[in-house]
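[1] Okay, predicted coordinates and the sequence, questions at the end:
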Amino acid sequence: MSETPVLADVIRLLQNNRCQLQNINEGTMIENLEIDSVMLTSFLIELEDQFNLLVTDEIWSKWKKVGDIVSYVIEFQQEYSTVKLSDIKSDIKEETQGK
């Protein structure tokens, strides 16, 4: 999957969650999206569902620009293309309980 379709999907998901900012691109700062915590949570759930990935609080808190989201999606897909999301969630749960 190339970066352009991923960016288009990320923008669509943001707009589905009532982001009113126009001309969103990879350089758009996330703080400028003017989305509240409910909208952010909804966006993250849709992002996970759309791309079959996992976004932890630690991961999304590092994102500064829309391009960071796009990069994460692409990197996640490349790294975990043969792994099921349920296996990843199970591994994380085991790691968290072990601490």
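    Yep, that arrived.
[2] Okay, the closest residue in space to M29 that isn't next to it in sequence and V10: tell me how far apart.
    Spatial nearest neighbour of M29, chain neighbours left out: K65 (5.8 Å); criterion: CB to CB, 6 or more residues apart in numbering. Where you see a C-beta, it was placed from the backbone N, CA and C, and this is true even at glycine. Separation of K65 from V10 (CB to CB, to the nearest Å): 11 Å.
[3] Could I get the full set of helices for the chain?
    3-16, 37-51, 57-60, 66-79, 85-98 (DSSP state H).
[4] State the mean pLDDT of the shortest one.
    Meaning helix 57-60. Helix 57-60 carries an average pLDDT of 94.
[5] With just CA atoms, put it into PDB.
    Taking Å, rounded to 0.1, in the frame of the first residue of the first chain, the C-alpha atoms of helix 57-60 are listed here in PDB:
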ATOM      1  CA  ASP A  57      -1.400   5.400  24.200                       C
ATOM      2  CA  GLU A  58       2.400   5.400  24.100                       C
ATOM      3  CA  ILE A  59       2.300   5.400  20.300                       C
ATOM      4  CA  TRP A  60      -0.300   8.000  19.600                       C
END
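[6] All set, thanks.
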